[in-house]
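Asker: here is my input; please provide its structure:
(3 chains)
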Amino acid sequence: MSETGRRIEKLGIKLPVRNRKGKGAVDAVLKGDLLFLSAHLPINIEGTPVYVGKVGTDLDIDTAYQAARLCGLNMLATIKEYIGELDRVDYVVKALGLINSGGDFSSQPAVMNGFSDLMVEVFGRRGQHARSAMGAFALPQNVPIVVEAIVKIRS
Amino acid sequence: MSETGRRIEKLGIKLPVRNRKGKGAVDAVLKGDLLFLSAHLPINIEGTPVYVGKVGTDLDIDTAYQAARLCGLNMLATIKEYIGELDRVDYVVKALGLINSGGDFSSQPAVMNGFSDLMVEVFGRRGQHARSAMGAFALPQNVPIVVEAIVKIRS
Amino acid sequence: MSETGRRIEKLGIKLPVRNRKGKGAVDAVLKGDLLFLSAHLPINIEGTPVYVGKVGTDLDIDTAYQAARLCGLNMLATIKEYIGELDRVDYVVKALGLINSGGDFSSQPAVMNGFSDLMVEVFGRRGQHARSAMGAFALPQNVPIVVEAIVKIRS
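Answerer: Purely as a prediction, here's the structure:
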């Protein structure tokens, strides 16, 4: 088992197994040593949303934080599927988190931390990334958050 | 005529001719073999929006799908202007679609397919891309969708 | 003093001194000759928002333009912190501006020009960039605009 694999196991993290989308949109595209990752949703293996609703009105920050973490777990699963081993991740370059916001909710970064903290748990300092977190008016399937990212792969 | 040119002609697709923006923002920037494309709008050659309004309240999915396709056509025109021949497109790396959403509309991906399907029509499998589609609260000139993208150019 | 430094001084522009975020999100990540910059806010050195509210209802375009410019100034400060000298900026590749929009405001590009104009003031034609400007439903700390960008560094 790889070093990152052992760390994930030790953290008790289980990666979901996902199916690709097909058609025009795919889960990721590798360009040179950069893996461009599509927006990942807080869904289960069947593609059903685990979290639904707007943060601030339907969901509180703690729940949305968990949804952001699930986006990250699904992304890790995609990365593993595309490059074989998470050990091949050199570092996380950037992430954009879109938070389905209701009312006057303005703590999008606190939600996005669910994703960012996971990256640091798994990759250490190499998990630190440039980041934007903003409030979307609406998201697919009414999920509370989606996250897209760019990851640097070891050449 | 190039291979892609012939395919576009066969599909009956006509590319609009567009003027650059100038000033601080330009339609695209080439960095190495990556072409970074600005948000493209569903506008005609004069810059007038062909589609206006929010999806879910003012526009239905099918109409918004056509608007997304027009964003893609305008983007193809920009690509051609910047690199000369669409044949020089190696593959589409990623796209971000911002859908002007009203009410509780949450089928942003179905709208964005208008862009993604066009890329696959024109470029085949090389048109497949990492993708994010989210609901914006508002868009310039109240258009229903804008799409930005990154395209890999053959070196 | 560097050439860009002199130009900035001549323009009377003072760069703020900022503290890094730490944790999962950092202000920027350098990948090869590309510097990926996090969303920058119109905040002062202490991290307090200088501008607050939604454009179109709480703020007019001119004020929001200044907020966009402040996002740019903060970004220049980050760039300088990460690469030492602004002269090392080869060109600005792309920028994404998220404008906290109220009512039926749809002139997001006019707001974003506050950022884009600054880049051209400081870097000349090399400041021109691919750009997207869209209306967010909500932003962190209820600021009127955040801007993220990718900048090409001289190798």
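
Asker: so the residue nearest in space to the middle of chain A, which state does it fall into?
Answerer: Residue closest to the average C-alpha location in chain A (CA atoms, centre = their mean): A:Gly72, at 2.6 Å. Under DSSP: H, G, I helix; E, B strand; the rest coil, A:Gly72 falls in the helix class.

Asker: for A:Val29, give me its contacts.
Answerer: The contact partners of A:Val29, by CB atoms under 8 Å, 6 or more residues apart in numbering or on different chains, come to A:35-36, B:91-94, B:128-130. Yep, even glycine has a C-beta here, placed from its N, CA and C like the rest.

Asker: mind doing that once more with 7 Å?
Answerer: Listed by CB atoms under 7 Å, 6 or more residues apart in numbering or on different chains, the contact partners of A:Val29 are A:36, B:93-94, B:129-130.

Asker: any idea which element it lies in?
Answerer: strand A:28-31 (DSSP states H and E).

Asker: now A:Ser132: closest residue in space, sequence neighbours ignored.
Answerer: Computed as CB to CB, 6 or more residues apart in numbering or on different chains, the closest residue to A:Ser132 that is not its neighbour in sequence is C:Ala39, at 3.5 Å.

Asker: the one you found - how many residues pack around it?
Answerer: Using other CB atoms under 10 Å in any protein chain shown, C:Ala39 has 28 neighbouring residues.

Asker: do the one 10 residues further on as well
Answerer: As a burial measure, C:Pro49 scores 19 neighbours (other CB under 10 Å).

Asker: how about the contacts made by it?
Answerer: Taking CB under 7 Å, 6+ apart, we find C:Pro49 in contact with C:41-43, C:141, C:143.

Asker: then A:Asn113?
Answerer: A:Asn113 is in contact with A:65, C:24, counting by CB under 7 Å, 6+ apart.

Asker: how distant is the helix or strand hosting it from the center of its chain?
Answerer: Secondary structure assignment for A:Asn113, by DSSP H and E: helix A:108-123. Computed by CA atoms, centre = their mean, to the nearest Å, the chain-centroid distance of helix A:108-123 equals 9 Å.

Asker: next, the buried residues of stretch A:86-104.
Answerer: Applying a neighbour-count criterion of 16 or more other CB atoms under 10 Å in any protein chain shown, one finds A:86-102 buried in stretch A:86-104.

Asker: count residues in the vicinity of A:Phe137, would you?
Answerer: Residues lying near A:Phe137 (other CB under 10 Å) number 26.

Asker: what about A:Ala25, distance to chain B?
Answerer: A:Ala25 is 4 Å from chain B, where distance means CB to the nearest CB, to the nearest Å.

Asker: pretty sure that residue sits against B:Gly114.
Answerer: No: A:Ala25 is beyond contact range of B:Gly114, at 11.9 Å (criterion: CB atoms under 7 Å).

Asker: what about the helices in chain A?
Answerer: Along chain A, the segments classed as helices by DSSP state H run A:3-10, A:61-83, A:108-123.

Asker: may I see those organised as JSON lines, with mean pLDDT added?
Answerer: Output for the helices of chain A, formatted as JSON lines (pLDDT from 0 to 100):
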{"stretch": "helix A:3-10", "mean pLDDT": "84"}
{"stretch": "helix A:61-83", "mean pLDDT": "96"}
{"stretch": "helix A:108-123", "mean pLDDT": "96"}
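
Asker: between strand C:89-100 and the top strand by length along chain A, find me the angle.
Answerer: Once chain A is assigned using DSSP state E, the strand that runs over the most residues is strand A:89-100. Put simply, strand A:89-100 runs at 30 degrees to strand C:89-100, going by axes from the mean of the first three to the mean of the last three CA atoms, to 10 degrees.

Asker: and A:Ser155, how many neighbours?
Answerer: Residues contacting A:Ser155 under the criterion other CB under 10 Å number 7.

Asker: correction: the previous question concerned A:Ser2.
Answerer: Using other CB under 10 Å, A:Ser2 has 12 other residues around it.

Asker: wait, it sits on A:Arg88?
Answerer: No: contact criterion CB under 7 Å: A:Ser2 and A:Arg88 do not qualify, at 8.8 Å.

Asker: so who does A:Leu98 touch?
Answerer: Contacts for A:Leu98 (CB under 7 Å, 6+ apart) come out as A:134, A:136, A:139, A:145-146, B:134.

Asker: 8 Å - rerun?
Answerer: A:Leu98 makes contact with A:39, A:134-136, A:139, A:145-147, B:132, B:134, according to CB under 8 Å, 6+ apart.

Asker: picking up where we left off before, and of the contacts of A:Val29, the nearest to C:Tyr65?
Answerer: B:Lys94 (29.3 Å; CB to CB).

Asker: quick check: bridge partners of that closest one?
Answerer: Counting by DSSP bridges, B:Lys94 is bridged to B:Ala130, B:Ile150.

Asker: touching, it and B:Ala133? I think so.
Answerer: No: counting by CB atoms under 8 Å, B:Lys94 stays clear of B:Ala133, with 11.8 Å between them.

Asker: picking that back up, the helix holding A:Asn113 vs helix A:61-83, what angle?
Answerer: Using the same axes, to 10 degrees: helix A:108-123 against helix A:61-83 is 40 degrees.

Asker: report the contact partners of A:Met2.
Answerer: Just to correct that, residue A:2 is Ser rather than Met. Taking CB under 8 Å, 6+ apart as the contact definition, A:Ser2 lies against A:85-87.

Asker: pick the one among the residues you listed closest to C:Ser106.
Answerer: Lowest distance from C:Ser106 to the contacts of A:Ser2 (CB to CB) belongs to A:Leu86, with 42.9 Å.

Asker: how far away is the closest one from chain C?
Answerer: Here A:Leu86 is placed at a distance of 17 Å from chain C (CB to the nearest CB).

Asker: wait, isn't that residue in contact with A:Met1?
Answerer: No: in this structure A:Leu86 lies outside contact range of A:Met1 using CB under 8 Å: 10.8 Å.

Asker: picking up where we left off before, which among the contacts of A:Leu98 gets closest to B:Ala67?
Answerer: Using CB to CB, B:Met134 is the member of the contacts of A:Leu98 that lies nearest B:Ala67, at 15.7 Å.
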